[in-house]
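**Student:** Next one to model:
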Amino acid sequence: MGWLIAHNSLHTNSRLKSFGMNVDGLCFLCGQAEETQKHLFFECAFSRRVIQALMKCTGLKLPETNILHWCIHNTGLKTQRKVMNALVLSAMYQVWQQRNKSRIEQLVMRPMRVAQLISDDMKKRIKERDKRKLTSQDLDWLGSLSFI
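**Tutor:** Coordinates of the predicted model:
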């Protein structure tokens, strides 16, 4: 999914229209703008609320703009980079899932619930990791986020 996003290859409404398909170009999640990949992940009100709720759930400071660029150039401890990148990619995946649900079933979860699913998934992933491979600094940081 990350590769598809990085290469602007998801089949958004805008892209489907460019292939000649007869689709409404509006975003399924907010209905306020043309559904481009940039809009869906970086400008859509739904996506912004998911990111804001995720920051609230985790206590992390994720950027609200240019998230993909931030993931690529994120500095910090290796474990912190991995966790932050996984959170962002998980958020993008969940937004895409919600977009598809909205398109097919006309159902969308609330952004806070989507953020909670992402947070719960991260907690599960971190608990499954071998703690011996983590430094004490990593463990302290993860503990401060209530992930362990």
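**Student:** Let's test this: name the helix or strand in the chain with the lowest mean pLDDT.
**Tutor:** Lowest by mean pLDDT, DSSP states H and E among the helices and strands of the chain is helix 67-73, with a mean of 63.
**Student:** And the next helix or strand past that one?
**Tutor:** The helix or strand immediately downstream of helix 67-73 is helix 78-105, counting by DSSP states H and E.
**Student:** Return the list of helices and strands in contact with that following helix.
**Tutor:** Counting contacts by 3 or more Cβ pairs under 8 Å, 6 or more residues apart in numbering; DSSP states H and E, helix 78-105 is packed against helix 2-6, helix 45-58, helix 67-73, helix 111-128, helix 136-144. C-beta: built from backbone N, CA, C; applies to glycine.
**Student:** Quick check, central residue of the chain?
**Tutor:** Centroid-nearest residue in the chain: A91, 1.7 Å away (criterion: Cα atoms, centre = their mean).
**Student:** show me the contacts for that one.
**Tutor:** 47, 50-51, 54, 114-115, 118 (Cβ atoms under 8 Å, 6 or more residues apart in numbering).
**Student:** okay, among these, which ones form the most distant pair?
**Tutor:** Taking Cβ to Cβ as the measure, those span a maximum distance of 12.4 Å, between S47 and I118.
**Student:** Tell me which of the two has more neighbours.
**Tutor:** In this view S47 and I118 are compared by other Cβ atoms under 10 Å, and S47 has more residues nearby, 27 against 24.
**Student:** What's the separation between that one and N22?
**Tutor:** Distance of S47 to N22, given as Cβ to Cβ, to the nearest Å: 26 Å.
**Student:** where are the low-confidence patches of this protein?
**Tutor:** Counting by pLDDT under 70, the chain shows low-confidence ranges at 57, 62-77, 130, 146-148.
**Student:** The most far-flung residue of the chain relative to its centre: which element?
**Tutor:** For the chain, the largest distance from the centre (Cα atoms, centre = their mean) belongs to G20, which lies 28.9 Å off. For G20, there is no host helix or strand (DSSP H and E).
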